[in-house]
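Colleague: I'll drop the sequence and a predicted model, then ask my questions.
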Amino acid sequence: MPTERRNWHFGVLSFTGTGHLNSLLALSRSLKDLGHKVTFFEKRKIEDRVRQAGLDFIPIGKGNSFSNEQMNHDSAGPRSRLSEIRFNLERIERDLIMYLNETPRALVEAGVDALLVNEIALTGPTVAQIAHLPYVLISTSVPHHFGWNAYPWYSGYKYSASWYSMVETALFEVSALRMRGPIRRALDEYRRQLGLGAVKQARQSFPELAHITQLPKYLDSPRPGLSGNFHYTGPFTNRAARSHTEFPWDRIDGRPVIYMSLGTTRNVQAFVFRLVSEACQDLDLQLVISLGGRFDPDAFQDLAGNPLVTKYAPQLELVRLATIVITHGGPNTVFETLLEGKPMVAIPLAHDQPAIAARLARLGIAEVLPVMRLTKGKIHRAVTKVLNDPTYRSAAVRMQAELQSLRGLERASNVIEETMEEYVANRRQGSAADHDGNANGFTSVSSISR
């Protein structure tokens, strides 16, 4: 006799970057459609987007003004730049402590049963342990332990336009990816005060119930020895979870479209937009550029070829319309493009983008250009090659069919539900000592008796 499905209350520890947020909104909306309650716990800057997706939201950092402070520069010289780096490091540490102080109590007061933790939310496992809540780890991109910087020659991952950006990138890599430096020191000190042990042992002392990545297995290399609770699912895309974006559709002139986006988080290389415009101006195509909110479109009205430039764009619709997509290689844009079967030209800028771009190149779906020594001629050759060589489109269409057959959202939602049911069953049977509250801090889920 089938058992009745329980309805859980999931708390989401996200990240404000659009590429990560869109995926988590899609997954959360899928869980809500299955009857579960989903609440995001984050800064207010993403509240409107979360609520527009039909999800609940509880702000973190209500009494914290430091996160909203802006760095004032007296000059653009080295001393000012170093002050900015120091300011940003201090802000990261303050934000980290803010999340650790406020989030566990907010989770308990909201009656959350379990957490969905974005792998980028580095405080997530510690927050879960403090709140005594089981959690599922979500990688919206290539998981950290698979390696983000294995393909620097594709991208300029090590490239920096200035010594300042070089130092900034190095600090991110050491602090966030390798969990050393100020982030780790602050986390270790906080955990030490609570008697929880070092952060590098957090996932051993308080492990996740499951680790899900929307990276398709087809895009990855063979990886023997993955744990039994690791799951490739496929991309999370849900149009109902995407907020409406105004766009001048009347300016689409009927020519084939090249859509270009460099994302929102590390999209600081304005010169790339100008080079792409120059490279495409003689093609009988319409270039549509989304600035990702990073720049003012008025500053790009003089671009060669008069492309259509917007601050934001309805990406799902434009990718469907496009002939090819020029991208930074971020997972959000790449996965959405693959689901439409479109080939790409990738210009990865930082973080996980080189690793994703290398996978696209290996499968013949994209031409990849390093941002270092990028030229108009290189872009023109790459674009015309992808446009004129049908093998790129064929490879993209094959990947589209494979990804659509995966039904990534459905699969991820099923893994989460099944993991929770198994967790409750193990608790009841007393057969999972490593999930026992006396062993590692897990306590019963609030709805365990439903």
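Modeller: Everything's here; your move.

Colleague: mind telling me what element residue 384 is part of?
Modeller: Remark: residue 384 resides in helix 376-388, with elements defined by DSSP states H and E.

Colleague: cool, residue 39 as well?
Modeller: strand 37-42.

Colleague: which strands or helices does that strand pack on?
Modeller: In terms of contacts (3 or more Cβ pairs under 8 Å, 6 or more residues apart in numbering; DSSP states H and E), strand 37-42 is packed against strand 9-13, helix 18-33, strand 56-59, helix 78-110. Using the backbone N, CA and C atoms, a C-beta is placed for each residue, glycine as well.

Colleague: try it again at 10 Å.
Modeller: The criterion is 3 or more Cβ pairs under 10 Å, 6 or more residues apart in numbering; DSSP states H and E, and the helices and strands that strand 37-42 contacts are strand 9-13, helix 18-33, helix 47-52, strand 56-59, helix 78-110, strand 114-118.

Colleague: for residue 307, find the nearest of these.
Modeller: Residue 307 lies closest, by Cβ to Cβ, to one member of those: helix 18-33, at 21.3 Å.

Colleague: and the direction of the closest one versus that of strand 9-13, what angle?
Modeller: Inter-element angle recorded for helix 18-33 and strand 9-13: 180 degrees (by axes from the mean of the first three to the mean of the last three Cα atoms, to 10 degrees).

Colleague: now do helix 18-33, average pLDDT.
Modeller: Helix 18-33 comes out with an average pLDDT of 90.

Colleague: relative to the whole chain's centre, how far out is it?
Modeller: How far helix 18-33 lies from its chain's middle: 11 Å, per Cα atoms, centre = their mean, to the nearest Å.

Colleague: now for that helix, which elements pack on it?
Modeller: By 3+ Cβ pairs under 10 Å, 6+ apart, helix 18-33 packs against strand 9-13, strand 37-42, helix 47-52, strand 114-118, strand 135-139, helix 315-321, helix 331-339, helix 408-429.

Colleague: try 7 Å
Modeller: Counting contacts by 3 or more Cβ pairs under 7 Å, 6 or more residues apart in numbering; DSSP states H and E, helix 18-33 is packed against strand 9-13, strand 37-42, helix 331-339, helix 408-429.

Colleague: just checking: what are the partner strands of the first one?
Modeller: To tie it back to what came earlier, the one meant is strand 9-13. Within its sheet, strand 9-13 is paired with strand 37-42 (parallel), strand 114-118 (parallel), according to DSSP bridges.

Colleague: just to revisit the earlier point, report the buried residues of the helix holding residue 384.
Modeller: Within helix 376-388, the residues scored as buried using 16 or more other Cβ atoms under 10 Å are 376, 378, 379, 380, 382, 383, 386, 387.

Colleague: mean confidence score for it?
Modeller: Mean per-residue pLDDT for helix 376-388: 96.

Colleague: before we move on, what about stretch 249-260?
Modeller: Averaging pLDDT along stretch 249-260 yields 94.

Colleague: what's the end-to-end length of that stretch?
Modeller: Stretch 249-260 has its terminal residues 16 Å apart, counting by Cα to Cα, to the nearest Å.

Colleague: what kind of secondary structure is residue 221 in?
Modeller: In three-state terms, and counting by DSSP: H, G, I helix; E, B strand; the rest coil, residue 221 is coil.

Colleague: so what's it up against?
Modeller: With Cβ atoms under 7 Å, 6 or more residues apart in numbering as the criterion, no residue contacts residue 221.

Colleague: next one: the host helix or strand of residue 345 to chain centre, how far?
Modeller: Per DSSP H and E, residue 345 falls inside strand 344-346. Centroid separation for strand 344-346 versus its chain: 19 Å, with Cα atoms, centre = their mean.

Colleague: low-confidence ranges in the protein?
Modeller: Applying pLDDT under 70 to the chain flags residues 1-5, 62-90, 147-182, 264-268, 430-450.

Colleague: domain ranges for it?
Modeller: Domain ranges of the chain: 9-69+96-141+195-236+407-440, 245-405, per automatic domain parsing.

Colleague: of all the helices and strands packed on strand 37-42, which one is nearest residue 218?
Modeller: helix 18-33 (17.7 Å).

Colleague: contacts for that closest one?
Modeller: Contacts for helix 18-33 (Cβ under 7 Å, 6+ apart): 10, 12, 14-15, 38, 46, 49-50, 53-55, 118, 120, 138, 140, 214, 236-238, 240-242, 263-265, 330-332, 409, 412-413, 416.

Colleague: which PyMOL command selects the buried ones in the residues you listed?
Modeller: Of those, the buried ones can be selected in PyMOL as follows, counting by 16+ other Cβ under 10 Å:
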select buried, resi 10+12+14+15+38+46+49+50+53+55+118+120+138+140+214+236+237+238+241+242+263+264+265+330+331+332+409+412+413+416
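
Colleague: how far does stretch 122-139 stretch from one end to the other?
Modeller: Terminal residues of stretch 122-139 lie 12 Å apart, using Cα to Cα.

Colleague: hang on, the earlier thing: now the domains of the chain in JSON lines, with distance to residue 185?
Modeller: Shown next, in JSON lines, are the domains of the chain (distance: least, Cβ to Cβ, whole Å):
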{"stretch": "domain 9-69+96-141+195-236+407-440", "distance to residue 185": "9"}
{"stretch": "domain 245-405", "distance to residue 185": "22"}
